[in-house]
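[1] Show me how the following folds:
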Amino acid sequence: MKTVFLMIFILSTAVHLYASARKDTKLRNVTKPFILLSLLGFYALAARAPAAAILLALLFSWIGDVLLIPKGVKWFTAGGIAFMISHAFFIAGYCRDIDFARIPGALVVALALFFAAAVAILFAKLRPHLPKALFYPMFLYLLINGAMNCFAVFRCVSAPSAATITTAIGAALFFVSDSSLFFVRFKKDSRLKTHFLVMLTYSLGELLIVLGLL
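    Residues are numbered from 1 along each chain as shown. From the prediction side, this is the model:
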């Protein structure tokens, strides 16, 4: 059965990416809810002992996807809140596998500075295009995504393996996806004209996170 869910994930993602490239909003809206829902089903069945934190992280990612379908600031804000909760649950899931005694303090500082600088640079470019009410909430959201990335790296450093590296790469793709989404949604003269890159990095990122956790 887990293979069925994985195939649904692959198929719905492929169709959604096609729709994104073609700017077919109707097909995008129809296929989007199936992406994370099928990945959630795959993880639940493939894991020997599914972690509650990861199940909730995937569930809130799915809720975020659904809430982002309608247009409007209120829906965008609600979707962002769902994804913030999702990142918090991912962090909780990563922490189960982290031996914090093995994490150098210098790495913590370096990663914090890196993501703080990356977010600051991105928002310096976005600021003229964002609604004032959304600037600081979105800034905070991307910092939380960066924190999720930091804990994925800590997990990798604590127990280096193909699995932990895979999850860390997935988390990085999630950060790229969110950064791209802000430009697609709000910067009208952006080079990113469609949601293709947003959804490619998002879907692949979530899949790699799950595979690394399995």
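[2] How far does the longest helix seen in the chain sit from its chain's centre?
    For the chain, the helix with the greatest residue count under DSSP state H is helix 132-158. Its chain's C-alpha centre and that of helix 132-158 lie 10 Å apart, by C-alpha atoms, centre = their mean, to the nearest Å.
[3] Tell me the pLDDT of the residue lying farthest from the centre of the chain.
    Farthest-out residue of the chain from its mean C-alpha position, per C-alpha atoms, centre = their mean: Ala101, at 27.3 Å. Note on Ala101: pLDDT of 94.
[4] and what of Leu134?
    Value listed for Leu134 in the pLDDT field: 85.
[5] repeat for Ser190
    The model's pLDDT for Ser190 equals 67.
[6] and the closest residue to Ala82 other than its chain neighbours, helix, strand or coil?
    Excluding the flanking residues, the one nearest Ala82 by C-beta to C-beta, 6 or more residues apart in numbering is Gly64, at 3.7 Å. C-betas here are computed from N, CA, C, even on glycine. With DSSP: H, G, I helix; E, B strand; the rest coil as the basis, Gly64 sits in helix.
[7] can you check Ser12 too?
    Applying three-state DSSP: Ser12 is helix.
[8] The closest residue to it other than its chain neighbours: neighbouring residues, count only.
    Once flanking residues are discounted, Ser12 sits nearest to Phe34: 3.8 Å by C-beta to C-beta, 6+ apart. By the criterion of other C-beta atoms under 10 Å, Phe34 has 18 neighbours.
[9] And Phe34, which helix or strand is it part of?
    helix 25-46 (DSSP states H and E).
[10] Now do the strands in this protein.
    Using DSSP state E, the chain contains no strands.
[11] what about the spatially most central residue of it, distance to Arg48?
    Centroid-nearest residue in the chain: Phe174, 3.6 Å away (criterion: C-alpha atoms, centre = their mean). Look at Phe174 and Arg48: by C-beta to C-beta, to the nearest Å, they are 24 Å apart.
[12] go on, Leu37?
    22 Å.
[13] neighbour-wise, which of these two wins?
    For Leu37 versus Arg48, neighbours defined as other C-beta under 10 Å are more numerous around Leu37 (20 against 5).
[14] Need the nearest residue in space to the more buried one, chain neighbours excluded.
    Distances taken as C-beta to C-beta, 6+ apart place Trp62 nearest to Leu37, at 5.3 Å, with adjacent residues excluded.
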